[in-house]
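**Q** Here's my sequence, what's the structure:
(one chain, ligands or ions: 2)
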Amino acid sequence: MTQLKPLKATEETKDTEETRDKELESLYKAYINLQNIIRQWQKERGQYWTQKIVPAKSYPYFSLSSLPEEPVLELVNRLLNESKRLCSAEEIQSAWNVYRLEQSLEDQELFSYFTLAVQGVFKLACQTLSEDLIKNADGEGGYTCPICGQEAGFSVLVPPVGKRFLHCTRCDHEWPGKRVGCIHCGSEEASDQTYLKNENYPGVEIVVCQACGGDFKEVDLRERAVEDWGWEDIRTLPLNYAAEKWAHEQAAKKGLIS
Ligand SMILES: [Zn+2]
Ligand SMILES: [Zn+2]
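**A** Ligands and ions are numbered 1, 2, ... in the order given. This is a model prediction of the structure:
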């Protein structure tokens, strides 16, 4: 049987709750602002770049390693300019060399700009695919996105009956997934998965998988609508922290760690 456990997001007083709401609000404003810049860039430069981004003949159609770097760097520069952040061309290039190997950057801010820019370019690239190409790819995805090769970010339950899809946060593609199981390792053993939820986040559960040690979020679209998946991921970050804490406590209980 699936375990369902209430999760404390954080132990907070009314004050910290208000501070958190304010922080979230200003984070949201900054996020929307950057998204507007990305949309503006896509409008201005999209036609030019889509001619130069060619899908591969097999799945995934695009990948971080084969993506031309010029549009990514162009978009990153716009995001940096908007944020009045000064970075030399060399700094940006060497950060990109690390980022494109799917490694994280010490500079968290620069890392998020690259993530946003890569998403912006991948979404543009997806526009070059015909509906048929996208449909053909759907059976091939497994747990990675058949379009861009990224690991699935969310599991999504879709109305009316809660059919399960996997969602890619990099290109926003969604493809049919198995009804249950871990979206990282595929374990369908119910005793391996713990579903954690918190009353502040209705319709969202975080699933911790003991088989692979990973976790992921499952969003029930019958309970809440999601307009922007990038923001959904940021908004629900407290669930990730709480799940980490929970996993740590479980391990401590079993005497695995002190
Ligand atoms: Zn994708
Ligand atoms: Zn797993």
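**Q** Please make it C-alpha for all contacts and neighbour counts, starting now.
**A** OK.
**Q** Quick one: the strands in this structure, in order.
**A** Taking DSSP state E to define them, one finds strands in the chain at 3-6, 154-158, 163-167, 174-176, 193-197, 204-209, 215-220.
**Q** Tabulate those (TSV), appending mean pLDDT and mean neighbour count.
**A** Converted to TSV, these look like this (pLDDT from 0 to 100; neighbours: other Cα atoms under 10 Å):
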stretch	mean pLDDT	mean neighbour count
strand 3-6	61	12
strand 154-158	97	22
strand 163-167	95	21
strand 174-176	93	21
strand 193-197	93	22
strand 204-209	95	24
strand 215-220	97	22
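**Q** Now those strands in TSV, please, with extra columns for distance to ligand 1.
**A** Output for these, formatted as TSV (distance: least, Cα to the ion, whole Å):
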stretch	distance to ligand 1
strand 3-6	29
strand 154-158	11
strand 163-167	8
strand 174-176	8
strand 193-197	25
strand 204-209	21
strand 215-220	16
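**Q** Domain ranges for this structure, per the record?
**A** In terms of domains, the chain is parsed into 3-16+145-253, 24-134 (source: automatic domain parsing).
**Q** Give me the distance from stretch 202-219 to the chain's centre.
**A** 13 Å (Cα atoms, centre = their mean, to the nearest Å).
**Q** oh sorry, the question was meant for stretch 150-166
**A** So, by Cα atoms, centre = their mean, the centroid of stretch 150-166 is 13 Å from its chain's centroid.
**Q** Ok, stretch 17-28 next?
**A** 21 Å.
**Q** Could you do stretch 149-168 as well?
**A** 12 Å.
**Q** ok, is it in contact with ligand 2 or not?
**A** No. Contact of stretch 149-168 with ligand 2 (Cα under 5 Å from the ion) is absent, the minimum separation being 12.1 Å.
**Q** Return that stretch as PDB; C-alpha atoms alone will do.
**A** The C-alpha coordinates for stretch 149-168 follow below in PDB (Å, rounded to 0.1, in the frame of the first residue of the first chain):
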ATOM      1  CA  GLY A 149      16.700  14.100 -23.400                       C
ATOM      2  CA  GLN A 150      16.200  15.700 -19.900                       C
ATOM      3  CA  GLU A 151      15.000  13.500 -17.000                       C
ATOM      4  CA  ALA A 152      11.300  13.900 -16.300                       C
ATOM      5  CA  GLY A 153      10.700  16.700 -13.800                       C
ATOM      6  CA  PHE A 154       7.200  16.100 -12.700                       C
ATOM      7  CA  SER A 155       4.600  13.400 -12.700                       C
ATOM      8  CA  VAL A 156       1.300  14.800 -13.700                       C
ATOM      9  CA  LEU A 157      -2.200  13.400 -13.200                       C
ATOM     10  CA  VAL A 158      -4.600  14.800 -15.800                       C
ATOM     11  CA  PRO A 159      -8.400  15.200 -15.700                       C
ATOM     12  CA  PRO A 160     -10.900  13.700 -16.000                       C
ATOM     13  CA  VAL A 161      -9.600  10.300 -14.700                       C
ATOM     14  CA  GLY A 162      -6.100  11.100 -13.500                       C
ATOM     15  CA  LYS A 163      -4.200   9.500 -16.400                       C
ATOM     16  CA  ARG A 164      -0.500   9.900 -15.600                       C
ATOM     17  CA  PHE A 165       1.900  11.900 -17.800                       C
ATOM     18  CA  LEU A 166       5.600  12.800 -17.300                       C
ATOM     19  CA  HIS A 167       6.500  16.400 -17.600                       C
ATOM     20  CA  CYS A 168       9.800  17.900 -18.800                       C
END
